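1. Quick check, what structure comes out for this input:
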Amino acid sequence: MRLKMENARVELGERDVLKGVSASFPPGALTGVIGPNGAGKTTLLRALAGLLPAKTGNISLDGEPIDSFDRKETARRVGYLAQKQEIAFPFRVDETVMMGRYPHQGRLSPETEADSEAVDAALRDVDAADLSRRAINELSGGELQRVLIARTLAAQTPVLLLDEPFANLDVRHCLDILAILRAQAREGRTVVVSVHDLNLAHRFCDHLLLLYEGEILAQGDVNDVLTHRLIEKAFQVHPEILTVNGKDERYFIMRALEERE
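-> Numbering: from 1, shown residues only. Okay, here's the model as predicted:
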């Protein structure tokens, strides 16, 4: 499914957070959303998920306005992982992940074999199968984050939107989750993820969208977006870009502007 924004302006309170953003998020690609704090990354993902309306412009899924679907229809198409989530009750891990299957279930209908298989597969993918019978209030921050990612994956939606999913994850699980998201994209899904680490963005993403003060500063191929000029302007740091094994592998070292020689 092709997700698209056309000249979308999104407000929070009386403030324009997105100022006429136009972008396309193609299926089969892992798109990273980058930018400094306050650039509008979370607002953009919430708008794409149908949780924030566009004041002007359009947000569409396969040509249909995202706000034309009811909540359950949207949930069958779009899986969304919020940056901050609170779960009020001490559900078991497997119960929590099963909540991701809600869009596919009828009212009061029992869980199906397909539901159970989707939950088991998602838990295995995020290396949390051994946690399935634990209560979520007994988990570490990183374990809980993996469970919430599994809940999003269990929905098996054609579109996946994840807002800073790497919070609290150790290095190994961060790399594992990014590899999973890239694999999901390779299967034909539309996957959009906000990323702070530019090294990870360059290594795993197919496309990047760089937000700055509510507008798109750049979008396209990772090497076209992650340049000295654009990084310095957006993040107010001086990047050293090291190229390894040719032009396809780069590493970014950031220095404060006053450290620049």
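2. where in the chain is pLDDT low?
-> 106, 108, 246-248, 259-261 (pLDDT under 70).
3. per-domain residue ranges of it.
-> Under the assignment automatic domain parsing, the domains of the chain span 3-226, 236-261.
4. what would these look like in TSV with mean neighbour count?
-> Yep, even glycine has a C-beta here, placed from its N, CA and C like the rest. What follows is the domains of the chain, written out as TSV (neighbours: other CB atoms under 10 Å):
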stretch	mean neighbour count
domain 3-226	18
domain 236-261	11
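5. just how off-centre is stretch 74-82 within its chain?
-> With CA atoms, centre = their mean, to the nearest Å as the basis, stretch 74-82 stands 11 Å off its chain's centre.
6. Quick one: residues in contact with it.
-> When contacts are defined by CB atoms under 8 Å, 6 or more residues apart in numbering, stretch 74-82 is touched by residues 1, 45-46, 48-51, 61, 66, 69, 100, 102-104, 148-149, 152-153, 155, 157-163, 165.
7. which strands and helices sit next to the lengthiest helix in the chain?
-> Across the chain, the longest stretch assigned as helix under DSSP state H is helix 171-186. Counting contacts by 3 or more CB pairs under 8 Å, 6 or more residues apart in numbering; DSSP states H and E, helix 171-186 packs against strand 30-34, helix 141-154, strand 159-162, strand 190-194, helix 198-204.
8. could the ones you listed go into CSV alongside distance to Y251?
-> Listed next are these as CSV, based on distance: least, CB to CB, whole Å:
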stretch, distance to Y251
strand 30-34, 16
helix 141-154, 25
strand 159-162, 24
strand 190-194, 20
helix 198-204, 6
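9. Could you list which residues are in contact with T157?
-> Contacts for T157 (CB under 8 Å, 6+ apart) come out as A75, R76, R77, V78, G79, P103, R189.
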